[in-house]
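1. Give me coordinates for this.
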Amino acid sequence: MTERKPPGVDFESWVDKQIREATERGDFEHLSGFGKPLPDDTAPYDELWWVKGKMHREGIAPVLPPALALRKEAEDALEAVGRAASEAEVRRIVADVNEKITAALRRPPAGPPLRLTPLDAEELVRRWRSRR
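-> Residues are numbered from 1 along each chain as shown. Model prediction:
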């Protein structure tokens, strides 16, 4: 497609010729997605569809404001406590997230309000024991 359209040739005819020649060469036979259905087109339009798709394909997580990232980390810590194999592991998980929460409370991060307090290790250990 590096050649220029010759003068006096209709643009549509020139493009059709390029496509026909590429098809004859087999340029379209080994494209990713060949023979697969098109993605769902009934979803509402999203201006960032390409960016979101690229991030998903590359395994990049969306960047959250620091306060929201810490809230997510606290939620993940609570889930990890439920899966912990020992009391020492529960205490380590809680201590790790509490250290980050305490630091954020000292100097609030940019973005939405943090609305977190350090987790109660003793209460979480008590709940962990009762589930065992």
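
2. Identify the residues contacting the residue positioned nearest the centre of the chain.
-> Residue closest to the mean C-alpha point of the chain, counted by Cα atoms, centre = their mean, is Ala61 at 3.2 Å. Residues near Ala61 by Cβ atoms under 8 Å, 6 or more residues apart in numbering: Met55. C-beta coordinates here come from the backbone N, C-alpha and C atoms, glycine included.

3. And the next helix or strand past the longest helix seen in the chain?
-> Identified as the longest helix of the chain according to DSSP state H is helix 87-106. Using DSSP states H and E, the helix or strand that directly follows helix 87-106 along the chain is helix 121-131.

4. what distance separates that following helix from the middle of the whole chain?
-> 32 Å (Cα atoms, centre = their mean, to the nearest Å).

5. same deal with stretch 84-101?
-> Using Cα atoms, centre = their mean, the offset of stretch 84-101 from its chain centre is 26 Å.

6. can you list contacts of that stretch?
-> 70, 73-74, 77, 80-81, 114, 116-119, 121, 124-125, 128-129.

7. If we go by neighbour counts, what in that stretch is buried?
-> Ala84, Val90, Arg91, Ile93, Val94, Val97, Asn98, Lys100, Ile101 (16 or more other Cβ atoms under 10 Å).

8. Go through those residues and say which is closest to Glu21.
-> Lys100 (59.6 Å; Cβ to Cβ).
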